[in-house]
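> My questions concern the predicted model and sequence given below.
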Amino acid sequence: MMDVLELTVPLLLAGAALLGLWRRVDVYDALLTGAADGLGVLIRIVPALIALLTAVWMLRASGALELLAGLLAPVLENLGIPPETVALLLVRPVSGSAALGVGADLIRTYGPDSTVGRTAAVMLGSTETTFYTVAVYFSAAGIKKTRYAVPAALCADLAGFVSASWAVRLFFPT
């Protein structure tokens with residue numbers, strides 16, 4: 001017997017189609033229009049995504065990321081953030097896939113039950129890829145000036161990083 005949760009998406013799609021038919025909307029034409037609009041958004045955001053991913057890989061390949069990590073380590077120790085997670089803090093606002101790679105490496109190196117591994121996992125779940133999100137959404141909306149959005153989002157990321165570290169220390173004391 002099928003679980004109700006397995007039927008959620010098909011039922012939502014069927015319900016939307018039936019509602020469109022009931023309201024006498026050409027459902028297929030609306031689907032095609034939405035797909036065309038989606039492709040237009042994709043074309044507008046791809047250049048920003050390529051630039052972002054290129055910048056992340058250039059920073060990693062040049063060693064600038066490690067240099068910056070070494071400079072920030074003493075400040076992070078004062079905030080209660082394990083210095084081993086510095087690379088994650090620097091990469092996470094820029095690239096989710098790179099941050100996932102750094103997080104997986106931290107977990108592989110220190111273990112999933114270590115303070116560093118747990119902190120990395122909680123940081124990945126409690127922060128956002130700020131620059132990616134701003135680039136995608138602002139580009140899709142045609143907004144050229146981000147004004148206070150980036151500084152506010154970076155402050156939220158910092159709060160997420162500090163809170164993740166404190167939560168791990170609170171719930172998993174060593």
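Structure's in. What do you need?
> Please pull up the helix or strand immediately following the longest helix along the chain.
Ranked by number of residues, the top helix in the chain under DSSP state H is helix 27-62. Using DSSP states H and E, the helix or strand that follows helix 27-62 towards the C-terminus is helix 64-79.
> other SSEs contacting whichever helix or strand comes after that next one?
Using DSSP H and E, the helix or strand that follows helix 64-79 towards the C-terminus is helix 86-91. Applying 3 or more C-beta pairs under 8 Å, 6 or more residues apart in numbering; DSSP states H and E, we find helix 86-91 packed against helix 64-79, helix 96-110, helix 115-126. For every residue, glycine as well, the C-beta is placed using N, CA and C.
> Run a quick check on Glu77 versus Pro83, I expect a contact.
Yes: the pair Glu77 / Pro83 is scored as a contact, 5.7 Å apart, by C-beta atoms under 8 Å.
> Find the least confident helix or strand in the chain, judged by mean pLDDT.
Ranking every helix and strand in the chain by mean pLDDT, DSSP states H and E puts helix 27-62 at the bottom, with a mean of 82.
> For it, list every residue counted as buried.
Residues of helix 27-62 classed as buried by neighbour count (16 or more other C-beta atoms under 10 Å): Ile45, Ala48, Leu52, Val56, Leu59, Arg60.
> Now do that helix: distance to the chain's middle.
Computed by C-alpha atoms, centre = their mean, to the nearest Å, the chain-centroid distance of helix 27-62 equals 15 Å.
> just checking, what packs against it?
helix 8-22, helix 96-110, helix 130-141.
> What's the separation between Ala99 and Asp29?
Ala99 sits 40 Å away from Asp29, going by C-beta to C-beta, to the nearest Å.
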